[in-house]
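1. okay, structure incoming, though there's no sequence with it:
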DNA sequence: CGAATACTTGATAGTCCTCAACTCAAGTGG
DNA sequence: CCACTTGAGTTGAGGACTATCAAGTATTCG
């Protein structure tokens, strides 16, 4: 049962902080999916995983499907800070409470790790600690890239960046993207309205940059043009 | 000379990941300012500390003054992701290169830590490792809060949020803020233009929410109204 | 098949941007 | 000491991009 990595180093903290990805071996998900480490949970479309303000007892890793984390303003305006795909970690908090809500975008499976067991885990499992810190760093990098998008890009540029990013992350980068999320989700992620998202997509189609065989399936016919829009 | 904390725990990684702030003792800056750990550097207004794409050899901590980190689009549009005040850490990277530029907003003093020495540091200095990870988490929280601002708040709300945040961080929260940065910096931080920043400030003054004795000095006369705008 | 939901499209409006002129403060040099 | 210059900030007029409101089409699901 205990399939976790047992390789200890004398300095786990050093391993965590160590230089970029080049020093990191990719860690198969199975390594941290050991039953002793976390529990598997399934959610259906729009089901809540946790809510802003909940006690942050768990930390999650996506196994399959997509999860969105979002914040709300008092009047209901919503900002989706990220979509989490298979392998992504979400629910990282410094404080006691989640500062986000998390919901399944479609059907999704995640692993939940007890937060209080992290101390033990980190002490014995350097790889997990590394994964944790790397996950946080990736979140930070994404967030910073996204601030540039939200603050300074036009609607068309936002859509272009979004499509490229999703194609690289989700698809095999084969020039086609399956959108797991609704227009409303995309809008709330990019700081737009659903109408502007729709209009931008149809304009890209008119300009022969993409094709829209169906609403949730997009073919990136002219990636060069998309990249140009990426500014 | 070697004034660094020498308290070792058996599990530095565990200490890093351990539950929120409640488990952390505040660490005086002096503890990590040991000559062996980092070097002090001074910069003048608008001087570059590092540039997007530079080899990320150092990690910085602000001693005094204010530092801005920003990203540029190809056509010059700029997004300032954060202003770093005394005590803040910036220049954290996973990869080899900085994904930001960093410049002094006014005169500023920082401590530079060699990145390659971090492994050693973390192995021997749990407190520093903790500081590092906490700094990263704080950056992440700020970034996430800022995405909500950039994506979903109006100009007035952006300004209100900015003023409240700056008052809490920089001033003694005494109802007055000294702006260390120009209107252009504020605009590029909030995703606005300098004109809109100016207009929003004068409107807040007309509405008796703030006073503007001089361009860089703001009195928050009606904090309740500001908080209401915070949405 | 009908109802509900998701998405698209159109017309109009509003917020914020752009361009431009102007004020103000600070620094320079005659 | 006073033009002169320069950069920062303010204010105004007009325009553009995106939001809002509204209707229509497509898709999903019971």
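-> Alright, I've got the coordinates. Predicted, not measured: the structure shown is a model, and the values here were computed from it.
2. just the strands in chain A please.
-> A:38-43, A:48-50, A:58-64, A:67-72, A:78-84, A:89-90, A:101-104, A:108-114, A:176-178, A:211-214, A:217-219 (DSSP state E).
3. so which of these is nearest residue B:149?
-> Residue B:149 sits nearest to strand A:78-84 of all those, at 8.6 Å, using CB to CB. Using the backbone N, CA and C atoms, a C-beta is placed for each residue, glycine as well.
4. helices and strands around the closest one, which ones?
-> Packing partners of strand A:78-84 (3 or more CB pairs under 8 Å, 6 or more residues apart in numbering or on different chains; DSSP states H and E): strand A:67-72, helix A:126-152, helix A:183-190, helix B:126-152.
5. rewinding a little: out of the strands of chain A, which gets nearest to DNA strand D?
-> Across the strands of chain A, DNA strand D has its closest neighbour in strand A:211-214 (5.9 Å, CB to the nearest atom of the strand).
6. residue A:57: neighbouring residues, count only.
-> 15 (other CB atoms under 10 Å in any protein chain shown).
7. ok, residue A:94 next?
-> 18.
8. hang on, it packs against residue B:141?
-> Yes. The pair residue A:94 and residue B:141 qualifies as a contact (CB atoms under 8 Å) at a distance of 6.8 Å.
9. give me the domain ranges for chain A.
-> Domain segmentation of chain A under automatic domain parsing yields A:9-129, A:153-230.
10. mean pLDDT and distance to DNA strand D added to these, as TSV?
-> Formatted as TSV, the domains of chain A follow (pLDDT from 0 to 100; distance: least, CB to the nearest atom of the strand, whole Å):
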stretch	mean pLDDT	distance to DNA strand D
domain A:9-129	79	8
domain A:153-230	96	3
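11. so which of the ones you listed is nearest residue B:107?
-> With CB to CB as the measure, domain A:9-129 is the member of the domains of chain A nearest residue B:107 (30.4 Å).
12. residue A:200 versus residue A:82, what's the distance?
-> 20 Å (CB to CB, to the nearest Å).
13. settle this for me: residue A:209 is touching residue A:219, isn't it.
-> No. Using CB under 8 Å, residue A:209 is not in contact with residue A:219; the gap is 10.1 Å.
14. if we can go back for a sec, let me have the strands of chain A in a markdown table, extended by distance to DNA strand C and mean neighbour count.
-> Compiled in a markdown table, the strands of chain A are given as follows (distance: least, CB to the nearest atom of the strand, whole Å; neighbours: other CB atoms under 10 Å in any protein chain shown):
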| stretch | distance to DNA strand C | mean neighbour count |
| --- | --- | --- |
| strand A:38-43 | 16 | 15 |
| strand A:48-50 | 15 | 18 |
| strand A:58-64 | 20 | 20 |
| strand A:67-72 | 13 | 22 |
| strand A:78-84 | 14 | 23 |
| strand A:89-90 | 22 | 22 |
| strand A:101-104 | 12 | 22 |
| strand A:108-114 | 16 | 20 |
| strand A:176-178 | 12 | 17 |
| strand A:211-214 | 6 | 11 |
| strand A:217-219 | 9 | 16 |
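15. so which of the ones you listed is nearest residue B:227?
-> Closest of the strands of chain A to residue B:227 is strand A:67-72, at 16.8 Å (criterion: CB to CB).
16. can you list the strands that that closest one pairs with?
-> strand A:78-84 (antiparallel), strand A:101-104 (antiparallel) (DSSP bridges).
17. what's the angle from that strand to strand A:108-114?
-> 70 degrees (axes from the mean of the first three to the mean of the last three CA atoms, to 10 degrees).
18. how far is strand A:67-72 from where the chain is centred?
-> 10 Å (CA atoms, centre = their mean, to the nearest Å).
19. one more: stretch A:81-98?
-> 8 Å.
20. quick check: residues of chain A near DNA strand C?
-> Contact residues (CB under 7 Å from any atom of the strand) of chain A with DNA strand C: A:182-184, A:194-195, A:197-199, A:201-202, A:212, A:215-216.
21. let's have these in CSV, adding distance to residue A:72.
-> Formatted as CSV, these follow (distance: CB to CB, whole Å):
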residue, distance to residue A:72
A:182, 17
A:183, 19
A:184, 14
A:194, 17
A:195, 21
A:197, 19
A:198, 23
A:199, 25
A:201, 25
A:202, 29
A:212, 30
A:215, 26
A:216, 25
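22. what subset of those residues is buried?
-> Buried members of the residues of chain A next to DNA strand C, counted by 16 or more other CB atoms under 10 Å in any protein chain shown: A:182, A:183, A:197, A:201.
23. closest one to residue A:146 out of those, please.
-> residue A:197 (15.9 Å).
24. right, and the closest one touches residue A:162 too?
-> No. Applying CB under 8 Å, one finds residue A:197 not in contact with residue A:162, separated by 9.1 Å.
25. overlap of the contact sets of those two?
-> Common contact partners of residue A:197 and residue A:162 (CB atoms under 8 Å, 6 or more residues apart in numbering or on different chains): A:186, A:190.
26. spatially central residue for chain A, please.
-> For chain A, residue A:84 is the residue whose C-alpha lies nearest the centre (CA atoms, centre = their mean; 2.4 Å).
27. so how far does stretch A:218-231 reach from one end to the other?
-> Length of stretch A:218-231, first residue to last, CA to CA, to the nearest Å: 21 Å.
28. cool, stretch A:217-226 as well?
-> Start-to-end, stretch A:217-226 (CA to CA) is 16 Å.
29. let me see the residues that make contact with it.
-> Under CB under 8 Å, 6+ apart, the answer for stretch A:217-226 is A:160, A:163-164, A:167, A:175-179, A:201, A:207-213.
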